[in-house]
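In: sharing a model that was predicted from the sequence below.
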Protein chains: 2
Amino acid sequence: MDIQQLVRDLKTTNDSKIVMLVADGLGGLPVEPGGPTELEAARTPNLDALAKRGVQGSMNPIAPGITPGSGPGHLGLFGYEPVKYLIGRGALEATGVGFELGPNDVAIRCNFCSLDAEGNITDRRAGRIPTEQSAPLAIKLRDVSIPGVELFVEPVKEHRFVVVFRGEGLGDKVPDTDPQRTGVPPLEPVGNDPASQRTAEVAAQFLAGAGKILAGEPMANGLTMRGFSAKPDVPTYEQVYGLKAAAIAVYPMYKGLAQLVGMEIVGTPGSLSEEIDVLADAMDDYDFFFVHFKYTDSRGEDGDFDAKVKMIEEFDSIVPRVAALNPKVLIVTADHSTPARLASHSWHPVPTLLVSDTCRPDACEAFSETESLRGGLGQFAAVYLMPLALAHAERIGKFGA
Amino acid sequence: MDIQQLVRDLKTTNDSKIVMLVADGLGGLPVEPGGPTELEAARTPNLDALAKRGVQGSMNPIAPGITPGSGPGHLGLFGYEPVKYLIGRGALEATGVGFELGPNDVAIRCNFCSLDAEGNITDRRAGRIPTEQSAPLAIKLRDVSIPGVELFVEPVKEHRFVVVFRGEGLGDKVPDTDPQRTGVPPLEPVGNDPASQRTAEVAAQFLAGAGKILAGEPMANGLTMRGFSAKPDVPTYEQVYGLKAAAIAVYPMYKGLAQLVGMEIVGTPGSLSEEIDVLADAMDDYDFFFVHFKYTDSRGEDGDFDAKVKMIEEFDSIVPRVAALNPKVLIVTADHSTPARLASHSWHPVPTLLVSDTCRPDACEAFSETESLRGGLGQFAAVYLMPLALAHAERIGKFGA
C-alpha cells in the first residue's frame, strides 16, 4: 500500500496547526548494561508531562536494522518512502550548504586533489587542505565560463566543494571521475544517456577552465567530481498533504531538506530558543511547522553522553513554550538515533510522541526509549507519522463509505 | 508481500470451526483525560475471561491514521487489502439495502431533486422529502422499461434510492450527473469507454422514462445519479481460504458485504441473541462464521458514551454461549473504532482478541484498548487477522521445506 498516495487522495483542509519538533539523533543507548539511555538520564519534566497526555511509540526511520543518513531520515519523517525518493550525493551536498536547487540543476560534490607533472593523482584530498585556503580557491573557480550554462561553485570544508551546472536538458547519469586511487589521472566525465553526455561535455569544459586556474597551486592543482545528481522529483507538502509548511532550523542542511519537500524556510534563528521565537511569530501563517534541533545529534556524534544529556535537557526546557502555542497536534521525534556510545547514527528505533486532544492515552509515564515500547503507537515506520498527525488534525477524510 | 495470495497458496482443509464476532465500532476514547474508554468502562467479565485464555493485539483496519468506512473496514477484517479491493459507492448503497449484485450489474445511487420549469435544479435533495413519500415514488420508477436491460429500483431513505441496470457489457465509467449546485440542470450521463457509453445511453433512457413519471410531483420531479459501479471483482472465501463461510447479521449492509466475499447469509435474526441462536443451529454446516453486532457502532455514532457501554455489556453477555459452542478459533474484533467522543468512525486501532488452544498466552488480564497494547499480537494490520485465524485452525500448511 502506498500510504502517502492514500493520504493524498483523502486529504481535507481546516485551520488546525501541526508542530513537529525534531531533536536530531535523539535515540540513544546505555553506556553500561542496565544503565539509562541519554534520554532516560536527562531530567525532562516537560517531555514527561507531554508523554502522560499523548501517545508514544517506537519509530523505525527506514526499516529495522537500517541506519539512515540525514537525508533519508528526514524524508521518512516527512512521510516520503526513503527508498523511493533518493537524494543524490551532489544534491544533498548542495542542500547542505544552503544552495536551493532548481529543476534545471545538476549538483556535484568535488574534491580538490594533488596532481604530479604527468597529471596523475598523488593525493586524493589535496593534503586535506585547510578550509581557509580551499574556500577562496573554490570561489576563484566561479570565473570559469561555460557557454549556455550557468555555473555555481560553493566551498564546503577542507578539500570539499560543490559545483552546480544550471541549464536546459542536463542529465545526471555521469559516473564519478574520482578513480579512488593515486598514481593515475582523474577519469574523464562520460554521460550514460544523451542528456548526461551533454552534462559530461559541460563538466569537461569546467575541468579545463578549472585546470588553468589551479595550475600554479602547490597542493590543490586538480579536482575530481562525484555524485552528479539533479534535484529529486519529490511532490510538495502542499500537493501531498494540502499543508502550507514552514521549516525552522539553524543549519543549512535541514533547511535544504525541508525545501526539497516544498516547505518555506522561516526566520534566521541562531539557537533553539530563537527557533521557538520564530515559531511563535509564524504560527498564524502556516499549517505545519518542522522545528529542527541539531545538537542532540552533534553531541551523540562526539560520543559525549553527558553533553548529549545536557542538550536533551535544553530541548526539554523549550517544550512549555511550544505547548503554550496550543497546536492541534504536537509531535516530538527524531530522524534517527545517535547513541553517544556508538558516536554515530544508528538503526535503533526513535522514541516518538504525539500529543493531541484526540489521543487514546497509553500507560506511558515518561518520554523514553523504554516507555515507548509500551506506547499506543507501538513499533511503527516513520512514513506513518504524517498520516497519524493529519488524522489527529482531522485533515484526512474517511476511506470508503 | 501479498499475504492473502500466500495464504491462498498454502491453505489446507479440516473440519475446524472459526467464529469471528464483530462488535462494530468497538474501539473508543476516554471522555476525560485519564478516564476509561467505553470498553474499559463496561463490565465485561466474559470478554475478560477470554482475554486471559487468548492472545490480544491492537489492530489497524487499514493503516495508521486512516479512518475506514464500513466497506473497507469489513474487507480488511475479511483479509482483503482494502486499497486493492475498492467497493464503488453505488455498489455499497445497493449492498446496504440488501440487493445482491450480480456480475452484469451496474449500481447507482440516486437522489430525488426539485426542478423548476426550465429544468434547473432548485433543491438537490427534493426538500429532504420524507421516506413515506419518496419510497412509493421510487417503486413507481420500476415501471420504466429499457429494451435489453433489466431494471431494479430500491428505495433507501428520504431523497435517496438505488438503481441497478442488469445487462451484458455495461461499463461503470460514468461520472455523476449531480452538478453539485442549484440553478443548473442535471448533467447528461456520458460514458468514458465504449461499455460505459452503453450504460450512459441506458441511463438517459431511464431518466427520460422517470421524467414522465415524476412530471407532476410537487418536490421530487427530477433525479440525479451518482457513484456508478459494478460489483467489485473479489475472490471468494472458498477460493482464497477454502472456507465455507456463513454471515449472521441483522442489517442488510453487513449481509451484503459478506456476500461480496462469497459468504452465505444464514437466518433472519432480529437481535444479537437471535444471531447466536442462528450460529448454534448453523455450527455443523459451515467452517467460518461472521457474526455482526451493529449497536456498539450506532451508539458511538450517536455520541452516547453510556449507551455504547451498555451495548458492549450486552455483547459481553452472549460470549459464554459462543464459547460453549467450542469453536477451534474464536475472534472478537471490530471493523473500526467509533469513539462516542468523536461521534464518528475513527482511525484509532481496534482491540482484537483471538482464542484458541494453540494460543501463546500473553500477560493481558482484560479485553481493552490499553491491555491490547501489551498483547501477543502486538500492533498489526487487519489483513493479518484471517491468516492468524487459519493458522490457529491448522488450515495453513508450512511455507517451504
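Out: Perfect, I can see it now. Residues are numbered from 1 along each chain as shown, chains lettered A, B, ... in the order given.

In: the strand or helix carrying residue A:213 packs against which elements?
Out: Per DSSP states H and E: residue A:213 is located in helix A:194-214. Using 3 or more Cβ pairs under 8 Å, 6 or more residues apart in numbering or on different chains; DSSP states H and E, the elements in contact with helix A:194-214 are strand A:105-115, strand A:160-166, strand A:222-230. Just so you know, the C-beta spots here come from the backbone N, C-alpha and C atoms, and that holds for glycine as well.

In: 7 Å instead?
Out: strand A:160-166, strand A:222-230 (3 or more Cβ pairs under 7 Å, 6 or more residues apart in numbering or on different chains; DSSP states H and E).

In: note down every partner strand of the longest one and its orientation.
Out: What it means is strand A:222-230. Applying DSSP bridges, strand A:222-230 is found paired with strand A:105-115 (antiparallel).

In: and stretch A:103-111, what's buried?
Out: A:104-111 (16 or more other Cβ atoms under 10 Å in any protein chain shown).

In: may I ask you to confirm that residue A:71 is in contact with residue A:87?
Out: Yes: if you go by Cβ atoms under 7 Å, residue A:71 and residue A:87 touch, sitting 4.3 Å apart.

In: okay, residue A:361: pLDDT?
Out: With respect to pLDDT, residue A:361 scores 84.

In: so which strand or helix has it?
Out: When secondary structure is defined by DSSP H and E, residue A:361 falls outside every helix and strand.

In: list the contacts of whichever strand or helix holds residue A:21.
Out: Here residue A:21, judged by DSSP H and E, is contained in strand A:18-23. Residues outside strand A:18-23 that contact it (Cβ atoms under 7 Å, 6 or more residues apart in numbering or on different chains): A:77, A:287-293, A:296, A:312, A:315, A:322, A:327-335, A:389, A:393.

In: in helices, which of these appear?
Out: Mapping the contacts of strand A:18-23 onto helices (DSSP state H) picks out A:77, A:296, A:312, A:315, A:322, A:389.

In: closest to chain B among these?
Out: residue A:389 (7.7 Å; Cβ to the nearest Cβ).

In: show me the contacts for that closest one.
Out: Contacts for residue A:389 (Cβ under 7 Å, 6+ apart) come out as A:18, A:329, A:331, A:354.

In: so which of those residues comes closest to chain B?
Out: The closest of the contacts of residue A:389 to chain B turns out to be residue A:354 (Cβ to the nearest Cβ; 10.2 Å).

In: measure the closest one to residue A:20 for me?
Out: Look at residue A:354 and residue A:20: by Cβ to Cβ, to the nearest Å, they are 10 Å apart.

In: can you check residue A:298 too?
Out: Note on residue A:298: its distance to residue A:20, by Cβ to Cβ, is 20 Å.

In: neighbour-wise, which of the two wins?
Out: Neighbour count, other Cβ atoms under 10 Å in any protein chain shown: between residue A:298 and residue A:20, residue A:20 has more, with 23 against 17.

In: could you check the pLDDT of that one?
Out: Residue A:20 is assigned a predicted lDDT (pLDDT) of 98.

In: again with the one 4 residues further on
Out: pLDDT, the model's per-residue confidence, is 98 for residue A:24.

In: what about the closest residue to it other than its chain neighbours, neighbour count?
Out: Spatial nearest neighbour of residue A:24, chain neighbours left out: residue A:297 (3.7 Å); criterion: Cβ to Cβ, 6 or more residues apart in numbering or on different chains. Using other Cβ under 10 Å, the number of residues around residue A:297 comes to 25.

In: wait, residue A:297 sits on residue A:27?
Out: No: if you go by Cβ under 7 Å, residue A:297 and residue A:27 don't touch, sitting 10.2 Å apart.

In: so which bits of the stretch 251-400 of chain A are right by chain B?
Out: Near chain B, the residues belonging to the stretch 251-400 of chain A are A:358, A:360-363, A:374, A:376, A:378-380, A:384, A:387-388, A:390-391, A:396, A:398-400 when assessed by Cβ under 7 Å from any Cβ of the partner chain.

In: got the contact list for the closest residue to residue A:359 other than its chain neighbours?
Out: Spatial nearest neighbour of residue A:359, chain neighbours left out: residue A:55 (4.5 Å); criterion: Cβ to Cβ, 6+ apart. Going by Cβ under 7 Å, 6+ apart, residue A:55 touches A:354, A:359-362, A:375-377.

In: closest to residue A:184 out of those?
Out: Closest approach to residue A:184 among these (Cβ to Cβ): residue A:377, at 52.7 Å.

In: surely residue A:321 touches residue A:274?
Out: No: the criterion here is Cβ under 7 Å, and residue A:321 misses it with residue A:274 at 11.6 Å.

In: coming back round to it: just the buried ones among the contacts of residue A:55, please.
Out: Among these, those classed as buried by 16+ other Cβ under 10 Å are A:354, A:359-362, A:375-377.

In: I'd like the average pLDDT over the helix or strand where residue A:154 lies.
Out: When elements are assigned from DSSP H and E, residue A:154 belongs to strand A:150-157. Mean per-residue pLDDT for strand A:150-157: 96.

In: one more: stretch A:296-310?
Out: 97.

In: can you pull the contacts of residue A:250?
Out: Residues near residue A:250 by Cβ under 7 Å, 6+ apart: A:269-270, A:275, A:294.

In: can you rerun that using 6 Å?
Out: By Cβ atoms under 6 Å, 6 or more residues apart in numbering or on different chains, the residues touching residue A:250 are residue A:269.

In: from chain B, how far off is it?
Out: Distance check for residue A:250 against chain B: by Cβ to the nearest Cβ, to the nearest Å, it reads 30 Å.

In: that residue belongs to a strand?
Out: No: Residue A:250: not assigned to a strand; according to DSSP: H, G, I helix; E, B strand; the rest coil it is coil.

In: from the stretch 51-200 of chain A, which residue is nearest to chain B?
Out: For the stretch 51-200 of chain A, Cβ to the nearest Cβ, closest residue to chain B: residue A:53, 6.7 Å.

In: could you give the bridge partners of the residue lying closest to that residue once chain neighbours are set aside?
Out: Distances taken as Cβ to Cβ, 6+ apart put residue A:355 closest to residue A:53, at 5.3 Å, once the chain neighbours are dropped. Legend: beta-bridge partners of residue A:355 under DSSP bridges are residue A:330.

In: tell me how many other residues crowd residue A:194.
Out: The local packing of residue A:194 (other Cβ under 10 Å) involves 10 other residues.

In: which of the three states applies to the closest residue to it other than its chain neighbours?
Out: With sequence-adjacent residues excluded and distances taken as Cβ to Cβ, 6+ apart, residue A:194 is closest to residue A:171, at 7.4 Å. Here residue A:171 is recorded as coil under three-state DSSP.

In: am I right that residue A:171 is in contact with residue A:195?
Out: Yes: between residue A:171 and residue A:195 there is a contact under Cβ atoms under 6 Å: 3.1 Å.

In: ok, of the contacts of strand A:18-23, which come out buried?
Out: With burial judged by 16+ other Cβ under 10 Å, the buried subset of those is A:77, A:287-293, A:296, A:312, A:315, A:322, A:327-335, A:389, A:393.

In: outline the domain layout of chain A.
Out: Per automatic domain parsing, the domain ranges recorded for chain A read A:3-85+A:234-392, A:91-230.

In: how many residues are close by residue A:157?
Out: For residue A:157, using other Cβ under 10 Å, the count is 12.

In: so what's the backbone phi/psi at the closest residue to it other than its chain neighbours?
Out: The shortest distance from residue A:157 to any non-neighbouring residue, by Cβ to Cβ, 6+ apart, is to residue A:131 (5.3 Å). With angles defined as degrees, to the nearest 10, residue A:131 sits at phi -60, psi -40.
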